[in-house]
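Visitor: this one's sequence-less:
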């Protein structure tokens, strides 16, 4: 099959320009997902930001972007996205916080995990049992220790 790298997706994006179909958001989300999964999270963010004025944003898109950065173990960029969402004032969901927390915890970013937990609490969002937000403090502490060795 065709590899969904940034070259292929940029061609697909050009083909979509001007298309006003009702499935546009789904198509953009699929392209953002493929870019993130294939190790191109910057291109995924660029595509998202390019189309955001036209199709809007939602927490599924943000979660997809975060997972792309998490797959590349790029926790700092994931936190930049969290700051963008906060600046927009968009309402967060437990599942999106879980993606952010997992990205930070897997890199041993203990302070960031604590920041995300505090934000969840201040927004009245409760961690779901058996989700990353519950086990993240332990995971981040273990990752931080293993990174120091």
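Guide: Sure thing, it's come through. The shown structure was predicted, so the numbers you read here are calculated from the model rather than taken from an experiment.
Visitor: Helix or strand with the lowest mean pLDDT in this structure?
Guide: helix 132-148 (a mean of 50; mean pLDDT, DSSP states H and E).
Visitor: Next up, the contacts around residue 55.
Guide: 24, 25, 28 (Cβ atoms under 8 Å, 6 or more residues apart in numbering). In short, each C-beta sits where N, CA and C put it, glycine included.
Visitor: And it, how far from residue 73?
Guide: Distance, residue 55 to residue 73, using Cβ to Cβ, to the nearest Å: 29 Å.
Visitor: again with residue 25
Guide: Distance from residue 25 to residue 73, by Cβ to Cβ: 29 Å.
Visitor: next one: residue 53
Guide: Here residue 53 is placed at a distance of 30 Å from residue 73 (Cβ to Cβ).
Visitor: quick one: average confidence on stretch 93-101?
Guide: For stretch 93-101, mean pLDDT rounds to 88.
Visitor: What residues sit buried inside it?
Guide: Using 16 or more other Cβ atoms under 10 Å as the test for burial, stretch 93-101 gives 96, 97, 98, 99, 100, 101.
Visitor: quick one: which helix or strand includes the fifth one?
Guide: I take that to be residue 100. Per DSSP states H and E: residue 100 is located in helix 94-105.
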